[in-house]
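Colleague: Below: sequence and its predicted model.
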Amino acid sequence: MENPLTPVPTPPEPAEPAESAAPPAPGPVPARPLGHPLLRSALYLAVFFVIQVAIGQALGALAFALGDRFLREQGLLRSPELLLMTVVCHAPVLWGVTWLFVRFLDRRTLASLGARWPAGGRRAALRQVLTMSLGVLALIGSWLLLIAALPPALAALRFGGVSAEYSAGGPSWWPLPPLLLLGVLLALFLIQGGLEEWVVRGYIYHALKERWRPWWAALASSVLFSLLHALNPNVSAFALLNIILAGLILAALVERSGSLWGATLAHGLWNFAIACLVSLPVSGIPLFHLLDVSVSGDERLTGGSFGPEGSALLTLMGVALTVRLWWPLREDRTRKIIAPSAPEDVAGNAPL
């Protein structure tokens, strides 16, 4: 029998439900870009052309003031190398203009254009120096082998050793050893390639991606890239098509790595190797070169005076490379690659 004096234990009170974790504080809402991306892109290109004309005129006036050494037939003012120097002078002005556009119209940061290390950081960037160099040389070598394998009635390849201009010490306006001029031209081509990538695959491509999928943004920016070369000497339909394919390949490099680094290397190294190593015209423009290489025959196969970029053989290689690079990206529509060292893309999250 139960003792009536024994206290009856009271049942434990039900545990209070654990307080739900407080929701994270919302971050700053990204500001919407001002205006349609096509309108911003058109305005950006207009400013870019104004910068080109202004700097070109200024350098021309400077060369004129320096005297006859630069104005005569073999002088700097009449040399194609001056075009490269003019482009390089755009760099600081174009950087400032792009920052203004991206900060106040696009409401983003320069890093969002690909101005950062590729995915994988500095080690990946160093690897790309090697892979892009080998890839460019392999592409050029494959094209030369195809030309050499064609019947003589269609095309012929001739190798004449070291060029006469290099053996003579370089252009008359260059006072230093010619090897140093090649080094300067390599640096200039990398800067020139970087500036074109900054404009087309940097600003234009990323602006169009606000409304379009990556493939369509890449195609539209590549068509624009081709039209920018439409007034080059000896341009052809195959040349314009190949430049579109080159734009798609370079855009794929940007899309896969999140950076302009690889595309800049590929662009600059291609131009340098074609123009200054194997001595063929690049986009219709011949420059000082190391080796004396020439191709002759059907211009639809060789590219003629425009260079390899006007060759139908390069078209076939470009189509294959475009498919190879873009096919793995066909279903990867939500991927966002940001290199470890990159700041946030939204302007509100980054210091000015």
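Modeller: Sure thing, it's come through.

Colleague: Kindly check the end-to-end length of stretch 292-302 for me.
Modeller: One end of stretch 292-302 to the other measures 16 Å (CA to CA, to the nearest Å).

Colleague: Only the buried residues of that stretch, if you could.
Modeller: Within stretch 292-302, the residues scored as buried using 16 or more other CB atoms under 10 Å are 292-293, 295, 297, 299-302. In this view, the C-beta of every residue, glycine as well, is placed from N, C-alpha and C.

Colleague: Please flag which of those sit within helices.
Modeller: With helices taken from DSSP state H, the overlap with the buried residues of stretch 292-302 comprises 299-302.

Colleague: List just the nearest of these to Val235.
Modeller: Val235 has its nearest neighbour among those in Glu299, at 12.0 Å by CB to CB.

Colleague: how much space between that closest one and Gly268?
Modeller: Remark: distance between Glu299 and Gly268 (CB to CB, to the nearest Å) = 26 Å.

Colleague: same deal with Pro37?
Modeller: Distance, Pro37 to Gly268, using CB to CB: 27 Å.

Colleague: These two: who's more crowded?
Modeller: Gly268 (24 against 20; other CB atoms under 10 Å).

Colleague: The more buried one is in contact with Leu195, isn't it?
Modeller: No: using CB atoms under 8 Å, Gly268 makes no contact with Leu195, being 9.8 Å away.

Colleague: give me the low-pLDDT residue ranges for the chain?
Modeller: Applying pLDDT under 70 to the chain picks out residues 1-30, 59-60, 63-64, 66-78, 284, 331-352.

Colleague: Pull the number of nearby residues for the residue lying closest to Arg127 once chain neighbours are set aside.
Modeller: Of all residues not flanking Arg127 in the chain, Gly120 sits nearest, at 7.8 Å (CB to CB, 6 or more residues apart in numbering). By other CB under 10 Å, the residues close to Gly120 number 17.

Colleague: Next: the one 5 residues further on.
Modeller: The criterion is other CB under 10 Å. On that basis, Ala125 has 18 neighbouring residues.

Colleague: correct me, but it touches Thr131?
Modeller: No: counting by CB under 8 Å, Thr131 is not a contact partner of Ala125; they are 10.8 Å apart.

Colleague: Which helix or strand contains the residue positioned nearest the centre of the chain?
Modeller: Centroid-nearest residue in the chain: Glu197, 2.9 Å away (criterion: CA atoms, centre = their mean). Using DSSP states H and E, Glu197 falls within helix 178-197.

Colleague: Mind listing residues that contact the following helix or strand past that helix?
Modeller: The first helix or strand that comes after helix 178-197 along the chain, using DSSP H and E, is helix 205-208. Residues outside helix 205-208 that contact it (CB atoms under 8 Å, 6 or more residues apart in numbering) are 33, 37-38, 40-41, 44, 106, 112-114, 216-218, 220-221, 251, 254.

Colleague: measure the nearest residue to Arg201 once chain neighbours are set aside to Leu321 for me?
Modeller: Nearest residue to Arg201 in three dimensions, chain neighbours excluded: Val254, at 4.9 Å (CB to CB, 6+ apart). Separation of Val254 from Leu321 (CB to CB): 15 Å.
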